[in-house]
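Q: Give me a 3D structure for the following:
(one chain, ligands or ions: 2)
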Amino acid sequence: MQKYDYLVVGAGLFGCVFAHEATKKGKKCLVIDKRPHLGGNVYCENVDGINIHKYGAHIFHTNDKHIWDYVNQFAEFNNYINSPVSISKGKLYNLPFNMNTFYQLWGTKTPEEAKSIIERQIKTYGCEDPKNLEEQALSLIGKDVYETLIKEYTEKQWGKKATELPAFIIKRLPVRYTFNNNYFNDKYQGIPIGGYNKIIDGLLEGIEVKTNVDFFENKNAFSQQADKIVFTGKIDEFYNYKFGNLEYRSLRFENTRLEKENYQGNAVVNYNDAEVPYTRIIEHKHFEFGKQAHTVITKEFPEQWTTKKEAYYPINNSKNQEKYQQYKIMAQQESNVIFGGRLAEYKYYDMHQIIASALQKVKKELN
Ligand code: FAD
Ligand code: UDP
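A: Ligands and ions are numbered 1, 2, ... in the order given. Okay, here's the model as predicted:
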């Protein structure tokens with residue numbers, strides 16, 4: 001007899017949702033994580049009343065009522081709407097690309113005026129079948145927006161030329177001919193009141209957890225404790241980099257506490273220029289409309305990934321996708337291991353997509 005039905009490797013959203021649902025169905029789970037805390041990348045650290053998004057700004061958004069209701073079981077959400085601004089060559093622009101941005105770029109006041117400039121630029125610089133991020137951006141929004149707000153940010157973020165990056169990345173950003181600075185098109189959006197830890201605590205209530213434990217340091221012993229493993233770490237690491245390592249982009253976060261109430265007037269300010277080494281500054285209190293006398297800001301520096309650093313973003317270009325397919329074939333042959341989440345599926349998932357994917361996998365497993 002095994003001690004557990006499932007050993008869940010990784011206490012991120014995927015692992016927590018899987019463990020929660022499996023436990024509800026009477027299964028016994030053990031959740032382990034190599035970090036000293038639970039929650040994976042949504043973990044928040046409280047600094048004198050301000051929830052610091054320790055692994056980068058996290059804004060929850062979804063179009064799916066079922067997923068929205070699911071997270072609302074564990075925490076109430078506030079009405080925060082993400083409206084980042086971007087600084088480029090000393091000027092400030094609204095994001096995503098909308099009528100405010102176009103006014104700031106060209107002084108256009110109507111959708112017709114803005115459209116005529118953008119359509120002209122798309123005709124000149126765009127193409128029918130964009131093969132990379134640069135071609136996609138030029139075909140979507142034209143040269144001026146690309147050069148002012150996309151090219152340098154993107155190349156700094158990914159450490160690669162925009163021509164070497166997959167087109168889908170830039171399709172995450174809306175383009176609108178209305179004066180609407182909402183970064184997302186989704187129907188539901190907000191920040192959990194009290195931080196993301198509340199959701200994680202709710203998901204893991206009554207479930208055995210162990211932190212500071214790396215699965216690979218004791219793989220055999222751990223594997224013997226459970227009938228099945230739910231693995232949410234890096235798939236290439238699981239197979240000991242058999243086909244070579246997949247590429248990731250890492251980040252470094254530099255936190256500063258300031259004894260002032262308001263540093264930048266917004267939760268997210270992007271820095272487009274290549275000369276600025278960070279991509280954005282987050283002022284966490286604005287996610288929860290904080291009124292504290294102090295503030296905490298975080299500069300986000302993109303970094304080259306090495307096996308010793310955190311793997312934040314999969315680099316889904318064709319070279320890496322081909323390698324991932326080889327790992328995926330091996331994963332599909334496993335009868336006792338379920339792979340899920342951003343690292344195990346090597347996919348640029350947002351939180352709502354992770355929850356949907358975990359719910360789907362646990363349902364398939366237990367029904
Ligand atoms: P993770 O949260 O990465 O959890 C995996 C866990 O597994 C980690 O805790 C890790 O320590 C653990 N682990 C790995 N290997 C081992 C091992 N060998 N042994 C033990 N434990 C191990 N999504 C949004 O919807 N909105 C946003 O605004 C947003 N912003 C983001 C900003 C940044 C900078 C980043 C990086 C991501 C952002 N995301 C956002 C995406 C979001 O973080 C993910 O979709 C989600 O958190 C992924 O959950 P996960 O469980 O797959 O992975
Ligand atoms: N992007 C950009 N300029 C910006 C913001 C984003 O060019 O001011 C591009 C960049 O390539 C980035 C992608 O759009 O990687 C997706 O942005 P998003 O804000 O969704 O990224 P995340 O929050 O996941 O880092």
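Q: near ligand 1, which residues of the stretch 201-350 of the chain?
A: Within reach of ligand 1 by Cβ under 6 Å from any ligand atom, the stretch 201-350 of the chain has these residues: 214-216, 232-233, 251, 312, 341-343, 349-350. Yep, even glycine has a C-beta here, placed from its N, CA and C like the rest.
Q: which of these are buried?
A: Listed as buried from those are 215, 232-233, 251, 312, 341-343, 349-350; burial here means 16 or more other Cβ atoms under 10 Å.
Q: Now for the residues you listed: which two are most distant?
A: Maximum pairwise distance in those, criterion Cβ to Cβ, is 24.8 Å, between Phe215 and Asp350.
Q: about what we covered before: tell me the one of the buried ones among the residues of the stretch 201-350 of the chain next to ligand 1 nearest ligand 2?
A: Using Cβ to the nearest ligand atom, Asp350 is the member of those that sits closest to ligand 2, with 7.5 Å.
Q: wait, the closest one sits on Asn63?
A: No - under the criterion of Cβ atoms under 8 Å, Asp350 is not in contact with Asn63, lying 11.3 Å apart.
Q: list the helices and strands the helix or strand harbouring Ile354 packs on?
A: Element membership of Ile354 [criterion: DSSP states H and E] is helix 351-366. Judged by 3 or more Cβ pairs under 8 Å, 6 or more residues apart in numbering; DSSP states H and E, helix 351-366 is in contact with helix 13-24, strand 60-62, helix 65-72.
Q: Turn these into a markdown table, columns for mean neighbour count.
A: A markdown table is the format used below for the helices and strands packed on helix 351-366 (neighbours: other Cβ atoms under 10 Å):
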| stretch | mean neighbour count |
| --- | --- |
| helix 13-24 | 25 |
| strand 60-62 | 22 |
| helix 65-72 | 16 |
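Q: what would the ones you listed look like in JSON lines with mean pLDDT and distance to ligand 1?
A: Formatted as JSON lines, the helices and strands packed on helix 351-366 follow (pLDDT from 0 to 100; distance: least, Cβ to the nearest ligand atom, whole Å):
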{"stretch": "helix 13-24", "mean pLDDT": "98", "distance to ligand 1": "3"}
{"stretch": "strand 60-62", "mean pLDDT": "98", "distance to ligand 1": "6"}
{"stretch": "helix 65-72", "mean pLDDT": "98", "distance to ligand 1": "10"}
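Q: On the strand side of things, show who the nearest residue to Lys285 once chain neighbours are set aside bridges to.
A: The spatial neighbour of Lys285 that comes closest, neighbours along the chain excluded (Cβ to Cβ, 6 or more residues apart in numbering), is Ile50 at 4.9 Å. Applying DSSP bridges to Ile50 gives these bridge partners: Val47.
Q: And for Ile50, the neighbour number?
A: Residues within reach of Ile50, counting by other Cβ atoms under 10 Å, total 21.
Q: swap in Arg249?
A: The number of residues packed near Arg249 is 18, by other Cβ under 10 Å.
Q: Tell me who's in contact with it.
A: 157-159, 302-303, 305, 312-313, 315 (Cβ atoms under 8 Å, 6 or more residues apart in numbering).
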